[in-house]
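**Q** Model the following, please.
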Amino acid sequence: MKTDLLLVPMSARWPDMRAAALAAEAAGFDGLWTWDHLRDYDAPDGPGTPEAWTVLTALAAVTQRLMLGPLVLNVGNRHPGVLANMAATFQAVSGGRLLLGIGAGGNRRTPYAAEQAALGQTVERDEVRAGRVVDAIALMRTLWTGEAGFLRPAPAPPVIVGGFGPRMAAIAGRHGDGFNTQALHPQLPELVRVAREEYAATGRDPAGFVVTVFAGLEQRWLQGDSRARQMLERVGVERLILLVPPPFEPAGIERAGRLLVG
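**A** From the prediction side, this is the model:
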């Protein structure tokens, strides 16, 4: 099981994110992610929130081997056709290191609904937003063939669909290449089962499906023989993504890496 870090962007500063990425690569982590949000709802007077795609592209230029991805892109924030070209361009810039996490965006009950409202976007019902994820994946795959003159990614990035319930797990399996949810989700085994069964029903090799989960950066998630990691391995998790808040502290990331390899 690979271990990645997620740099929480709220009130983060680019120099700190860059330093954290370099520390993560040196410490032996496998990948780096960030959230697709545009404001810090906990600190309205803070420095703001760096935009995910811009940060990831900049990180691709300063790292060599880390896989990079958004966790997860709200498909309502970017037209899927533009997103397809962005992803293809990112693959060229990064040398094929993109893990394309996408999702339906927060519902009306989450703090992120206020962010969408500030952008002039309506937060639709869950089923409407879920349908947009399906439509976005279909259009991106069509454009990635290159047949209409669009940039063809090399390779096409795995599309990892984020969600917390059976609807999104099923969409991830039927239309995507992977599924992301919480490491401590009470229905984790069931959600993974739903996603894998839907993936296999499409005729694809079940071994190609990617399961990723996220949790806080804690010692129990770093030690290979811990009960927490063994639980995830039994479920079939491929990547564990650990959240790190700003200012990130490179020394702390390096210490975490030593626990990981130890």
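
**Q** so Phe214 sits in a strand?
**A** Yes. Assessed with DSSP: H, G, I helix; E, B strand; the rest coil, Phe214 lies in a strand.

**Q** residues touching Gly28, list them.
**A** Gly28 makes contact with Gly257, Leu260, Val261, according to CB atoms under 8 Å, 6 or more residues apart in numbering. C-beta: built from backbone N, CA, C; applies to glycine.

**Q** out of those, who's nearest Ile171?
**A** Nearest to Ile171, judged by CB to CB, of those is Leu260 at 31.9 Å.

**Q** Show the contacting residues for the closest one.
**A** Leu260 is in contact with Thr3, Ala27, Gly28, Phe29, Leu222, Gln223, Gly224, counting by CB under 8 Å, 6+ apart.

**Q** export the residues you listed to CSV and tack on secondary structure, pLDDT and distance to Phe164?
**A** Shown next, in CSV, are the contacts of Leu260 (DSSP: H, G, I helix; E, B strand; the rest coil; pLDDT from 0 to 100; distance: CB to CB, whole Å):
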residue, secondary structure, pLDDT, distance to Phe164
Thr3, strand, 98, 22
Ala27, helix, 97, 30
Gly28, coil, 97, 30
Phe29, coil, 98, 25
Leu222, helix, 95, 24
Gln223, coil, 90, 27
Gly224, coil, 87, 27
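
**Q** ok, Gly106 to Gln121 distance?
**A** Distance of Gly106 to Gln121, computed by CB to CB, to the nearest Å: 11 Å.

**Q** Tell me which of the two has more neighbours.
**A** Gly106 (17 against 14; other CB atoms under 10 Å).

**Q** so what's the residue nearest to the more buried one when sequence neighbours are not counted up against?
**A** Distances taken as CB to CB, 6 or more residues apart in numbering place Tyr112 nearest to Gly106, at 3.3 Å, with adjacent residues excluded. By CB under 8 Å, 6+ apart, the residues touching Tyr112 are His37, Tyr41, Gly105, Gly106.

**Q** Among those, give me the pair with the biggest separation.
**A** Spanning the widest gap among the contacts of Tyr112 are Tyr41 and Gly105, at 14.3 Å by CB to CB.

**Q** Who has more neighbours out of these two?
**A** For Tyr41 versus Gly105, the count of surrounding residues by other CB under 10 Å is larger for Gly105: 24 against 15.

**Q** Now render the contacts of Gly28 as TSV, adding distance to Gln182 and secondary structure.
**A** Converted to TSV, the contacts of Gly28 look like this (distance: CB to CB, whole Å; DSSP: H, G, I helix; E, B strand; the rest coil):
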residue	distance to Gln182	secondary structure
Gly257	23	helix
Leu260	20	helix
Val261	25	helix
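
**Q** Right, I'll call it a day here.
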